[in-house]
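In: 3D model of this:
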Amino acid sequence: MTTPHRSDLRLSTVIMAHPRRRAAAEALGEAHPALAARVVTDPEPQGPPSALRTARLAWRSVAADATHHLVLQDDAVLRPDFADAVAALAAARPRDSVSLFTEWGSRTANAVRAAALLGHAWAPVVDDYLPSVALVLPAGLARGFEEYAAAKAAPDATDDVTLLDYLHDVGRVVPVAGPVDHANPPSLVGNDVMGPRSAACLAPAGDPEGSVLPAMRAVPYFCWWEQLAVVYLRDPASPDGWRRVPAEEALLERGIGRERVVGALRTALESVPHRELIHDRVSDVLLAEVWTTAYALGVVTRDLGGFPDLGRPAAREALATLAPGALRRVVPVQWLAAVGELLYPLVAAAVLGGAADAEAAGSGS
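Out: Sure, this is the predicted structure:
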């Protein structure tokens with residue numbers, strides 16, 4: 001594919017799939033003919049489930065004259081103008097490795113939310129894996145993945161963890177943005193237990209040359225396995241560079257006590273619409289944990305150098321997915337969208353309250 005954005009940019013595209021989902025992969029390619037995508041399938045479909053096996057084939061399937069290589073998973077959902085958007089992106093960031101999907105309940109999703117709240121177009125990856133539903137690499141890096149995986153990946157390694165390790169090993173930082181979504185078909189590798197894994201923010205991507213959120217020292221996270229609000233803190237002594245602490249502890253270190261946080265929730269509930277329905281759909285315990293996660297996001301956003309701006313379309317879109325991404329294992333799928341709408345006013349109030357309290361604590365008032 002030669003793009004109208006830069007005559008020397010040549011993007012090759014592969015859709016990776018298990019043979020059982022080849023029809024979905026071919027339909028995805030047919031829906032976006034400008035990508036001229038080729039489909040590659042698991043070379044050992046009878047073997048143990050392994051996305052890495054297919055990913056290794058996908059990343060080495062770079063067209064000979066390509067400058068960049070895009071790998072899509074067969075369950076990616078692309079906007080109609082995706083081919084033009086990804087071409088513009090590769091032209092604007094020719095040396096970057098760029099991920100175009102972030103799952104709504106991941107740690108990186110809260111980096112995307114902080115970026116959107118502060119007007120940045122991109123966020124850093126802060127998980128221990130690389131979101132790889134839709135990923136663009138410069139052609140040379142794409143070709144190098146096979147050698148790295150063959151030499152260093154364990155037999156049971158996953159493709160997303162191995163890709164992150166590879167790019168870290170070669171010193172590349174991967175910015176993340178939208179707007180690719182995930183179709184959530186039945187998982188072939190046992191991920192259905194995680195619940196729906198939709199996008200954190202589907203607002204149209206801004207300028208490809210837009211800024212990247214500064215490196216985060218703290219990342220709020222709703223642990224959807226344990227249904228708890230936690231914060232990951234940068235810690236070079238930890239194996240993956242992060243130390244997990246309860247959100248209550250992290251907030252207290254910022255001078256914000258638990259009673260302050262819970263009291264703000266009580267106050268917000270007095271004026272929020274449909275509070276009886278909220279209590280019917282979400283337990284008070286879970287509601288407090290979602291509130292605390294959003295509150296900590298407000299604190300972290302303020303600490304990153306600005307006050308959250310909920311007037312930005314991307315900010316509203318990103319915050320709207322926080323509650324569904326947190327509760328996707330405990331709220332029935334058919335209720336998730338409605339619960340997200342019910343909880344959005346609380347999520348927004350928590351973010352703004354956390355930012356205000358962080359500002360006050362920082363000024364000593």
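In: could you use CA atoms for every contact and neighbour count after this?
Out: Will do.
In: identify the residues contacting Arg258.
Out: Glu248, Leu251, Leu252 (CA atoms under 8 Å, 6 or more residues apart in numbering).
In: can you tell me which of the residues you listed are classed as buried?
Out: Burial by neighbour count, judged by 16 or more other CA atoms under 10 Å, picks out Glu248, Leu251 from those.
In: dump the contacts of Arg258 to CSV, plus secondary structure and pLDDT.
Out: What follows is the contacts of Arg258, written out as CSV (DSSP: H, G, I helix; E, B strand; the rest coil; pLDDT from 0 to 100):
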residue, secondary structure, pLDDT
Glu248, helix, 97
Leu251, helix, 97
Leu252, helix, 96
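In: what residues are up against Arg79?
Out: Per CA under 8 Å, 6+ apart, neighbours of Arg79: Pro179, Val180.
In: now do it against Arg10, distance only.
Out: Going from Arg79 to Arg10 by CA to CA, to the nearest Å gives 21 Å.
In: which one of the contacts of Arg258 is nearest Pro308?
Out: Using CA to CA, Leu251 comes nearest to Pro308 of the contacts of Arg258, at 17.7 Å.
In: residue contacts, that closest one?
Out: The neighbourhood of Leu251, defined by CA under 8 Å, 6+ apart, consists of Gly257, Arg258, Ala296.
In: can you confirm the last one is in a strand?
Out: No: according to DSSP: H, G, I helix; E, B strand; the rest coil, Ala296 belongs to no strand; its state is helix.
In: how close does it sit to Ala326?
Out: According to CA to CA, Ala296 stands 14 Å off from Ala326.
In: between the two, which is the more surrounded one?
Out: Ranked by neighbour count (other CA atoms under 10 Å), Ala296 and Ala326 place Ala296 first, with 30 against 26.
In: hmm, that one is touching Phe222, no?
Out: No: the pair Ala296 / Phe222 is not scored as a contact, 10.3 Å apart, by CA atoms under 8 Å.
In: next up, the contacts around Ala200.
Out: Applying CA under 8 Å, 6+ apart, we find Ala200 in contact with Phe101, Thr102, Glu103, Trp104, Gly105, Ala109, Val112, Arg113, Ala318, Thr321, Leu322, Gly325.
In: of all the residues you listed, which two lie farthest apart?
Out: Farthest apart among those - using CA to CA - are Phe101 and Leu322, which lie 15.2 Å from each other.
In: nearest to His168, of the contacts of Leu251?
Out: Sorting these by how near they are to His168, with CA to CA, puts Ala296 at the top with 27.6 Å.
In: report the contact partners of the closest one.
Out: Counting by CA under 8 Å, 6+ apart, Ala296 makes contact with Pro220, Val231, Ala247, Leu251, Val351, Gly354.
In: which ones among those lie within strands?
Out: Pro220, Val231 (DSSP state E).
In: list just the nearest of the contacts of Ala296 to Leu118.
Out: Minimum distance to Leu118 across the contacts of Ala296 is 12.2 Å, recorded for Val351 (CA to CA).
In: neighbours around the closest one, how many?
Out: The number of residues packed near Val351 is 29, by other CA under 10 Å.
In: can you check Ala337 too?
Out: Neighbours of Ala337 using other CA under 10 Å come to 14.
In: on the three-state scheme, it is what?
Out: helix.
In: out of everything not next to it in sequence, what's closest to it?
Out: Distances taken as CA to CA, 6 or more residues apart in numbering put Pro324 closest to Ala337, at 6.9 Å, once the chain neighbours are dropped.
In: isn't the one you found right next to Trp335, touching?
Out: No: if you go by CA under 8 Å, Pro324 and Trp335 don't touch, sitting 9.2 Å apart.
In: who has more neighbours out of the two?
Out: Neighbours of Pro324 and Trp335, each counted by other CA under 10 Å, are more numerous for Pro324; the result is 29 against 12.
In: helices and strands around the strand or helix carrying that one, which ones?
Out: Pro324 is part of helix 322-327, with elements assigned from DSSP states H and E. Applying 3 or more CA pairs under 8 Å, 6 or more residues apart in numbering; DSSP states H and E, we find helix 322-327 packed against helix 284-303, helix 333-363.
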